[in-house]
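Student: Fold the following, please.
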Amino acid sequence: MQVLRTLDEARQAVSQSCVTIGNFDGVHMGHQQLLCRTRRKAASLGLAGVAVTFEPHPLRVLSGSRTPPFITLPQQKLEAIASLRLDYTFCINFTKDLAKLEPDAFVRTYLLQGLGMREMVIGYDYAFGRNRKGDYAMLREFGARNGFNVEQIGPVIIDDAVVSSSRIRDMVQAGLVWEVRPLLGRFYRVEGQVVSGRNRGGRLLGFPTANLCLQDELFPKTGVYAVWAESEARTYPAVANIGFNPTFGNDVLSVEVHILDFNQDIYGRHVRIHFVQRLRSEQKFSGLDALIARIHEDILLARRILGSSEAHLVEARQCV
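Tutor: Prediction:
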C-alpha cells in the first residue's frame, strides 16, 4: 500500500478510484468492513482502492488537548489499513481551514480531482465538512450530478451493541482486554522501547522485567495481565504489570513485562505488548515473600491462559 500525503501525489498516482473515508481510530471491525468492501468493490470494477483519512485527528485540531486518548497512533493506523491490502491511503493534513471547507468543495478538490473517484463507500453514521453537512443524502445527490456512486454500509453489531471507537476505548480503560478482542479483530496492543528501570525485578524478586517507555495514548486499567511480548518478529508469552507498584510506594505509572523462559538482554529494543487477559488488580503486599508468591501464581495462570487455543495471536483482519 502506498501512502499519499498531498494532492499532487494523489493526482500522479491515481486515475480512477473507489474511496472510503474516515478517521479509522483503532481500525476496528466496523472500519474493517468498510475498508474490505472498498477493496473488493475496487477490484471488481478495475479501480484503485483508496482509504482517505486525516492527520492529525480532526478532534485534536478542533479541541486541542480536550480529546480522549486515541486507540491507534498515526503510524499504527496506517499499518493496520495496509494489512487489508488497499492500494492507497490518502492521508490528508487536517487544519482548521480544511474544517471550514464546504463538503461539496472538499469532494470536488480532494476526491474527484485528486483521486478520480468513481465509487464511494461510507459508514452508516459518517458525516464530514463544515457543520457536518457531508452526509449520505448530500453525497448521493452530489454524486448523481458529478458521476460517482455512493454506497452506505450499516454498523457492525457485536454482543448486541454497535462496534465503535468510544466503546472500545471504554472497555480497554476498564481492563476488559479479553472482551475487546472481537471488536478489534485482534488483542489490544501497545508498543515502546525497553529502558532502564529500578532494577528490582531480577535483583530483588527473581523475575527480571523489561521496563517500557510507551508511545501510545490509551492504556488498560492498572493491574496484572497475561500478554504476548513481540520483538524482532518473535513472540513470547509474558506477564505485564501496569501500575504504581504500591508495595514499593511508587507514585509514577510504569509498565513492566516479565517474559517467560527468557534471559536475553533487550535494553533499547522496540517491543509490542498484546494484552490477552487481566489477571488481577494491583495490590499492596505485606512484604517481598508475599509478593513473590503471588507473582508465581500470576505466571502459572498466565501460562494456562496463553496456552489455550483461544489466546493464540491470530488477527481476524482479512479481505477475502
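
Student: tell me what the host helix or strand of R272 is packed against?
Tutor: Using DSSP states H and E, R272 falls within strand 270-280. Applying 3 or more C-beta pairs under 8 Å, 6 or more residues apart in numbering; DSSP states H and E, one finds that strand 270-280 makes contact with helix 177-184, strand 188-195, strand 210-214, strand 223-231, strand 234-243, strand 254-259, helix 288-306. Bear in mind the C-beta positions are built from the backbone N, C-alpha and C, glycine included.

Student: 6 Å instead, please
Tutor: strand 188-195, strand 223-231, helix 288-306 (3 or more C-beta pairs under 6 Å, 6 or more residues apart in numbering; DSSP states H and E).

Student: Now mean pLDDT and distance to R167 too, for the ones you listed, in TSV please.
Tutor: Listed next are these as TSV, based on pLDDT from 0 to 100; distance: least, C-beta to C-beta, whole Å:
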stretch	mean pLDDT	distance to R167
strand 188-195	93	13
strand 223-231	96	20
helix 288-306	90	24
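
Student: could those be laid out in a markdown table, adding mean neighbour count?
Tutor: Putting those into a markdown table (neighbours: other C-beta atoms under 10 Å) gives the following:
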| stretch | mean neighbour count |
| --- | --- |
| strand 188-195 | 18 |
| strand 223-231 | 23 |
| helix 288-306 | 15 |
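
Student: what about the ones you listed, which gets the closest to D265?
Tutor: Closest to D265 of the helices and strands packed on strand 270-280 is strand 188-195 (C-beta to C-beta; 9.3 Å).

Student: picking that back up, quick one: strands adjacent to the strand holding R272?
Tutor: strand 188-195 (antiparallel), strand 223-231 (antiparallel) (DSSP bridges).

Student: In a markdown table: the ones you listed, plus distance to V19.
Tutor: Formatted as a markdown table, those follow (distance: least, C-beta to C-beta, whole Å):
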| stretch | distance to V19 |
| --- | --- |
| strand 188-195 | 28 |
| strand 223-231 | 33 |
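
Student: from the middle of its chain, how far away would stretch 64-72 be?
Tutor: Relative to its chain's centre, stretch 64-72 lies at 13 Å (C-alpha atoms, centre = their mean, to the nearest Å).

Student: Can you give me the buried ones in that stretch?
Tutor: By neighbour count with 16 or more other C-beta atoms under 10 Å, stretch 64-72 contains the buried residues F70, I71, T72.

Student: quick check, nearest of those residues to Q12?
Tutor: Distance to Q12, by C-beta to C-beta, is smallest for T72 among those, at 27.9 Å.

Student: Contact partners for that closest one?
Tutor: Shown in contact with T72 (C-beta atoms under 6 Å, 6 or more residues apart in numbering): G26.

Student: Secondary structure element holding it?
Tutor: With DSSP H and E as the criterion, T72 is inside neither a helix nor a strand.

Student: ok, now which ones touch L313?
Tutor: Contacts of L313 (C-beta under 6 Å, 6+ apart): W228, T235.
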